[in-house]
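**Q** build me a model from this:
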Amino acid sequence: MAGDIYGRLPENLTREVNKYYPNGGRPRIAPETSRYNPNHIKDRNKEICQKREQGEKTSEIAQQINLTKRTIKRILKENGLAGLPDEKNDDQAKQVRIMIGMGYGVTKIARKIKRSRERVYQIIRREGL
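**A** Numbers count the residues shown, from 1 in each chain. Have a look, this model is predicted:
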């Protein structure tokens, strides 16, 4: 693609572009600051795992490190930290346990905790209720 653009530019403009972008039109990124540098990725992943072990929520970590929650969860899973309960999940499980003890049905519980019935069933299975 870059070659097509350069092919249409006059020679003096091509030299000017190459002066600022010597890698065929792509700006250089210093290896130590590149998010694709393997050392940077290892350090980042280590930091993510430490934050999670200290009890930070996945969403907080994602916001701090500027990654998606899905990416954070994948990294945690790769490092054996997947499935650590969040406070929100603990609260929901506690609410479900109490409501089942009171005789509420799954549909009513789902409405009360504002989650799907499937989510309530997942909590019930996970908690062994």
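
**Q** may I have the phi/psi pair for residue 80?
**A** phi 70, psi 20 (degrees, to the nearest 10).

**Q** against residue 59, how distant is it?
**A** 21 Å (C-beta to C-beta, to the nearest Å). C-betas here are computed from N, CA, C, even on glycine.

**Q** per the record, what domains does the protein have?
**A** With domains defined by automatic domain parsing, the chain comprises 1-29, 31-84, 87-127.

**Q** ok so, going back, comparing residue 80 and residue 59, which residue is more hemmed in?
**A** Neighbour totals were compared for residue 80 and residue 59, and residue 59 leads with 12 against 8 (other C-beta atoms under 10 Å).

**Q** doesn't the more buried one fall inside a strand?
**A** No. Checked against DSSP: H, G, I helix; E, B strand; the rest coil, residue 59 lies outside a strand; its state is helix.

**Q** from what I see, it and residue 69 are in contact.
**A** Yes. Between residue 59 and residue 69 there is a contact under C-beta atoms under 8 Å: 5.7 Å.

**Q** please identify the buried residues of the one helix or strand residue 97 maps to?
**A** Using DSSP states H and E, residue 97 falls within helix 87-101. Residues 92, 93, 95, 96, 99, 100 are the ones in helix 87-101 that count as buried (16 or more other C-beta atoms under 10 Å).

**Q** okay, the residues you listed in TSV with pLDDT next?
**A** Output for these, formatted as TSV (pLDDT from 0 to 100):
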residue	pLDDT
92	82
93	84
95	87
96	88
99	89
100	88
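
**Q** closest to residue 116 out of those?
**A** residue 92 (11.8 Å; C-beta to C-beta).

**Q** which residue sits closest to that closest one in space, ignoring its chain neighbours?
**A** residue 113 (5.6 Å; C-beta to C-beta, 6 or more residues apart in numbering).

**Q** tell me the pLDDT at that neighbour?
**A** Looking at residue 113, its pLDDT reads 87.
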